[in-house]
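> Sequence first, then the predicted structure, then my questions.
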Amino acid sequence: MGKLMPEEEVMSTPHVPPIDAELALAEMQARRAQVVDTNLVPRWFWPAVGGMMLLFVAAVESAVPWVVAIGSIAYALGISAMIVAVVRHSRVQVRTALIGRSGAAAIALFTIALVVIGIGLGFALEAVGVPMPATLACLPVAVGLVVGGPRLMAHLRRLMLARPLAGSR
């Protein structure tokens with residue numbers, strides 16, 4: 001009496017209409033997109049970092065002690081304020097597995113490309129005797145941040161939203 005027969009087991013399983021399943025899936029996808037969007041680095045971050053970096057390098061390269069001191073303090077405070085703002089903007093933590101290896105590779109390649117451009121150009125400008133070579137070399141790096149940062153975020157967003165909903169934990 002306590003054990004259900006196979007027919008009774010099937011009948012006791014609730015039937016979910018296809019439209020309800022589609023709506024539930026659409027809701028899960030919308031929630032995931034909302035989580036992803038709230039955790040991406042905001043657009044203002046990239047020009048702010050580029051500008052702070054340029055000002056810092058110019059201050060250091062000036063070799064004027066008080067300019068170096070003020071520039072260093074301004075850079076530290078500015079970067080700290082930006083990080084606090086980004087952390088406060090982010091309401092939840094996205095698991096790193098959501099970005100995946102290709103997302104991590106994109107971040108690494110973006111960073112390496114900007115570093116190589118900046119260092120290579122800086123050394124080349126210094127070799128030919130251009131004044132303020134590091135500051136001038138930072139210009140294309142800052143432009144790379146302003147242009148490439150949002151593109152990197154868009155790429156990461158596409159990667160995260162393309163992952164299966166029931167991914168590994």
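Looks like it came in fine.

> Which helix runs longest in this structure?
helix 96-127 (DSSP state H).

> What is the distance between it and the centre of its chain?
Helix 96-127 sits 14 Å away from the centroid of its parent chain (Cα atoms, centre = their mean, to the nearest Å).

> From the contact counts, what lies against the next helix-or-strand element following it?
Per DSSP states H and E, helix 96-127 leads on to helix 133-162 as the next helix or strand towards the C-terminus. In terms of contacts (3 or more Cβ pairs under 8 Å, 6 or more residues apart in numbering; DSSP states H and E), helix 133-162 is packed against helix 18-39, helix 45-62, helix 96-127. For the C-beta atoms, the positions are set from N, CA and C on the backbone; glycine is no exception.

> Where does the prediction get shaky in this structure?
Within the chain, the stretches with pLDDT under 70 are 1-13, 16, 20-26, 28-39, 90-96, 165-169.

> before we move on, the earlier item: hey, which of the helices and strands packed on helix 133-162 is tucked in deepest?
By mean neighbour count, with neighbours taken as mean count of other Cβ atoms under 10 Å, helix 45-62 ranks first of the helices and strands packed on helix 133-162 at a mean of 18.

> Next SSE downstream of it?
Proceeding C-terminally, helix 45-62 gives way to helix 65-89 as the next helix or strand, assigned by DSSP H and E.

> Just the buried residues of that following helix, please?
71, 75, 78, 82, 86 (16 or more other Cβ atoms under 10 Å).

> mind listing what residue 126 touches?
Residues near residue 126 by Cβ atoms under 8 Å, 6 or more residues apart in numbering: 133, 134.

> Try it again at 7 Å.
Contact analysis of residue 126 by Cβ atoms under 7 Å, 6 or more residues apart in numbering lists residue 133.

> Then residue 56?
71, 72, 75.

> can we see that at 10 Å?
68, 71, 72, 74, 75, 76, 78, 79, 135, 138 (Cβ atoms under 10 Å, 6 or more residues apart in numbering).

> Same check on residue 60?
Contact partners of residue 60, counting by Cβ under 10 Å, 6+ apart, are 67, 68, 71, 72, 75, 134, 135.

> got the contact list for the fourth one?
When contacts are counted by Cβ under 10 Å, 6+ apart, residue 72 is found next to 56, 59, 60.

> about what we covered before: right, and the helices and strands packed on helix 133-162 - which one's nearest residue 157?
helix 18-39 (5.7 Å; Cβ to Cβ).
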